[in-house]
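# Sequence and predicted structure below; questions after.
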Amino acid sequence: MSSIRPVVIAGPSGVGKGTLIAKLMEEFKNIFGFSVSHTTRDPRPGEEDGVHYNFTTRDSMEGEIKEGKFIEFADVHGNFYGTSKAAVDKVADAGKICILDIDVQGVRSVKAAEMIPTPMFIFIKPPSMDLLEQRLRGRGTETEEKVQKRLKGAKAELDYADDNGGANFDSIIVNDDLERAYEAVKDALKENIGVAEHMWNKRVENA
Ligand SMILES: Nc1ncnc2c1ncn2[C@@H]1O[C@H](COP(=O)(O)OP(=O)(O)OP(=O)(O)O)[C@@H](O)[C@H]1O
Ligand SMILES: Nc1nc2c(ncn2[C@@H]2O[C@H](COP(=O)(O)O)[C@@H](O)[C@H]2O)c(=O)[nH]1
């Protein structure tokens, strides 16, 4: 099992978390592994079961929650989302750094779960609410009702990031220019990446 700190990436819907994570996974294929969450929302075009999410039903997820299979779960914009223990173990067993893309309710639960090693918490902020709305609409995945729900949720997410002068997060990064924000994410993770690269090289040498 990997002893390198998992990475929790949070931020309002549409801010660009998935885009930044995809870049990390592409550049550091052997280093990072994505924790595939469960969700009760419908798949979007192009989303694959078991890759982007484990698509499930509320009944099934509630049953698995009762069985203690989840590290955290939350009702986010009217659907259930959750991180199973199995999803995190799968990445750790592959010797990779686990990346979780979760909302701030999930962040609170992960903090309360006192995971060992303690995750690194990164919050991605939009340059402005107007630009967040533009990105959310520009993605073209949500109905008007869902856009409104997600924008309303964004305020609570941003408030949590600002609480205690930002102390809930190891790093708060504004996703203005994508390449600049990506460099800032990599900089925040440079210690984790360095340790994981060293471990990966040792494994290759010993193979
Ligand atoms: N820096 C940026 N500048 C302009 N557009 C961006 C930037 N980063 C991401 N986007 C675009 O914004 C949209 C939302 O990005 P993305 O899907 O990665 O957000 P998200 O935070 O993962 O959302 P959700 O939480 O709903 O999954 C996408 O169309 C993406 O291409
Ligand atoms: N608490 C959790 N939140 C999660 C999880 N997986 C994703 N999310 C968050 O949900 C929203 C919406 O995602 P979308 O794919 O429907 O756009 C976003 O903020 C994600 O971070 C999870 O396992 N737990």
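That came through, no problem. Ligands and ions are numbered 1, 2, ... in the order given.

# What lies in contact with the helix or strand containing Ala181?
Ala181 is part of helix 178-188, with elements assigned from DSSP states H and E. By Cβ atoms under 8 Å, 6 or more residues apart in numbering, the surrounding residues in contact with helix 178-188 are 16, 19-20, 23-24, 120, 122, 124, 170-171, 173-175, 193. No exception for glycine: its C-beta is placed from N, CA and C like everyone else's.

# rerun at 7 Å
Gly16, Thr19, Leu20, Lys23, Leu24, Ile122, Asp170, Ser171, Ile173, Val174, Asn175 (Cβ atoms under 7 Å, 6 or more residues apart in numbering).

# any chance you could map the helices in this protein?
With DSSP state H as the criterion, the chain has helices at 17-27, 58-66, 85-93, 104-113, 129-139, 144-162, 178-188, 190-206.

# In contact with the residue positioned nearest the centre of the chain: list those residues for me.
The residue lying closest to the centre of the chain (Cα atoms, centre = their mean) is Asp101, at 1.0 Å. Listed by Cβ under 7 Å, 6+ apart, the contact set of Asp101 reads Ile9, Lys17, Gly18, Ile21.

# Same check on Arg58?
Applying Cβ under 7 Å, 6+ apart, the residues contacting Arg58 are Thr40, Phe80.

# again, only this time at 10 Å
Contact analysis of Arg58 by Cβ atoms under 10 Å, 6 or more residues apart in numbering lists Thr40, Asp75, Asn79, Phe80.

# quick one: it from Ile116, how far?
Counting by Cβ to Cβ, to the nearest Å, the separation of Arg58 from Ile116 is 31 Å.

# Touching, Lys29 and Lys96? I think so.
Yes: taking contacts as Cβ atoms under 10 Å, Lys29 lies within contact range of Lys96: 9.3 Å.

# quick one, which of these two is more surrounded?
Neighbours were counted for Lys29 and for Lys96 using other Cβ atoms under 10 Å; Lys96 has more, 23 against 10.

# Tally up the residues packed near the closest residue to that one other than its chain neighbours, please.
Nearest non-adjacent residue to Lys96, counting by Cβ to Cβ, 6 or more residues apart in numbering: Gly33, 3.7 Å away. By other Cβ under 10 Å, 23 other residues sit near Gly33.

# low-scoring pLDDT stretches of the protein, where are they?
Across the chain, the ranges flagged by pLDDT under 70 are 1-3.

# how about the residues of the protein near ligand 1?
Residues of the chain lying close to ligand 1 (Cβ under 6 Å from any ligand atom) are 11, 13-19, 135, 138-139, 175, 177-178, 181.

# what two of those are the furthest from one another?
Ser13 and Asp177 (20.2 Å; Cβ to Cβ).

# Who has more neighbours out of those two?
More crowded of Ser13 and Asp177, by other Cβ under 10 Å: Ser13, with 23 against 10.

# For Thr118, see how far away that one is.
Ser13 is 26 Å from Thr118, by Cβ to Cβ.
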